[in-house]
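Undergrad: Provided below are the primary sequence and the corresponding predicted coordinates.
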Amino acid sequence: MKEVIIATKNSGKAKEFVRMFEPHGFQVKTLLDYEEIEDIEENGTTFEENAIIKAETVSKQLNRAVIADDSGLVIDALDGKPGVYSARYAGEQKSDEDNMTKVLRELNGVEPSKRTARFYCALALAVPGQDTVTVHGTCEGVILDEKRGTHGFGYDPIFFVKEKNKAMAELLPEEKSKISHRAVALSHLAKLLPEVFKGE
Ligand SMILES: O=c1[nH]c(=O)c2ncn([C@@H]3O[C@H](COP(=O)(O)OP(=O)(O)OP(=O)(O)O)[C@@H](O)[C@H]3O)c2[nH]1
Ligand SMILES: [Mg+2]
């Protein structure tokens with residue numbers, strides 16, 4: 001089977017990529033399979049910059065085609081925060097619970113019509129000897145005032161998906177993998193994959 005490497009240590013993302021790549025006939029490897037690769041400093045100012053940093057760093061180390069995902073939650077009432085800082089919004093320990101608590105506290109008292117937000121996902125594809133390509137996808141929603149649902153990861157329990165009339169964490173994994181920011185971004189990248197992996 002063809003193999004694709006995703007430069008992520010996030011197990012929630014990893015599961016979603018396994019599901020989304022299956023129909024394309026790819027087996028997914030992540031940095032959870034390459035423990036020798038050290039943490040990469042994400043010092044870009046945009047999702048695209050961080051995705052490129054992660055994809056190119058790992059592609060150079062392994063001398064292989066690598067995809068990276070940089071994603072996050074963009075809340076209008078917070079001027080776009082947590083944005084590129086989504087993973088560490090409440091501190092370096094990267095706790096989903098603490099991050100959600102912080103967002104709910106900051107939006108305390110903000111009326112529903114002003115709680116609009118979107119998930120944003122940038123994917124970068126780095127191939128040795130070629131220019132790196134980026135694509136992106138978004139998913140529109142509203143920040144709830146309490147958690148709902150048990151699926152997914154990150155901020156999924158407090159993100160109400162307009163298109164589905166449900167919290168992201170109430171969607172089954174197969175539902176999220178059709179409509180998420182990550183799924184939309186991957187649908188754009190999918191067109192390029194046959195050419196990149198034609199030898200495998
Ligand atoms: O509810 C969510 N549903 C999602 O579908 C989703 N996608 C991203 N996020 C949030 O944004 C951070 C990414 O930050 P990020 O791109 O730097 O990833 P990360 O640091 O977790 O792993 P890595 O891929 O860098 O190794 C994550 O930790 C989450 O807090 C999501 N939250
Ligand atoms: Mg990260």
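TA: Perfect, I can see it now. Ligands and ions are numbered 1, 2, ... in the order given.
Undergrad: centre-most residue in this protein?
TA: For the chain, S71 is the residue whose C-alpha lies nearest the centre (CA atoms, centre = their mean; 4.0 Å).
Undergrad: need the residues of the protein near ligand 1, please.
TA: 8-10, 13, 42, 69-73, 86-87, 99, 119, 152-156, 159, 168, 180, 182 (CB under 6 Å from any ligand atom). C-beta coordinates here come from the backbone N, C-alpha and C atoms, glycine included.
Undergrad: is the residue in the chain that ligand 1 sits nearest to in a helix, a strand, or coil?
TA: Proximity to ligand 1, evaluated over the chain using CB to the nearest ligand atom, is greatest for G154 at 2.3 Å. Here G154 is recorded as coil under DSSP: H, G, I helix; E, B strand; the rest coil.
Undergrad: for it, which residues are in contact?
TA: Going by CB atoms under 8 Å, 6 or more residues apart in numbering, G154 touches 12, 73, 86-87, 96, 99.
Undergrad: if I look at it, how far off is K94?
TA: Going from G154 to K94 by CB to CB, to the nearest Å gives 10 Å.
Undergrad: give me the common contacts of those two.
TA: Joint contacts of G154 and K94 (CB under 8 Å, 6+ apart) are A87.
Undergrad: was I right to think V184 contacts C121?
TA: Yes: under the criterion of CB atoms under 8 Å, V184 is in contact with C121, at a separation of 7.4 Å.
Undergrad: shared neighbours of those two, anything?
TA: Joint contacts of V184 and C121 (CB under 8 Å, 6+ apart) are 137-138.
Undergrad: of the two, who's got more company?
TA: Shown here are V184 and C121; by other CB atoms under 10 Å, C121 has more neighbours (23 against 17).
Undergrad: tell me the secondary structure for the more buried one?
TA: C121 ends up strand, using three-state DSSP.
Undergrad: check C139 too.
TA: C139 is classified as strand under three-state DSSP.
Undergrad: hang on, it packs against K178?
TA: No: in this structure C139 lies outside contact range of K178 using CB under 8 Å: 10.8 Å.
Undergrad: quick revisit: strands - which of the residues of the chain next to ligand 1 land there?
TA: Among those, the members found in strands (DSSP state E) are 69-73, 119, 159.
Undergrad: closest to L125 out of those?
TA: Ranked by distance to L125 (CB to CB), those are led by D69 at 10.8 Å.
Undergrad: what are the bridge partners for that closest one, then?
TA: In this entry, D69 is beta-bridged to L123, by DSSP bridges.
Undergrad: report how many residues lie close to it.
TA: 25.
Undergrad: now tabulate the ones in strands among the residues of the chain next to ligand 1 in JSON lines and tack on pLDDT and distance to K81.
TA: Supplementary listing: these in JSON lines, determined by pLDDT from 0 to 100; distance: CB to CB, whole Å:
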{"residue": "D69", "pLDDT": "98", "distance to K81": "20"}
{"residue": "D70", "pLDDT": "98", "distance to K81": "16"}
{"residue": "S71", "pLDDT": "98", "distance to K81": "15"}
{"residue": "G72", "pLDDT": "98", "distance to K81": "9"}
{"residue": "L73", "pLDDT": "98", "distance to K81": "9"}
{"residue": "F119", "pLDDT": "98", "distance to K81": "14"}
{"residue": "F159", "pLDDT": "98", "distance to K81": "15"}
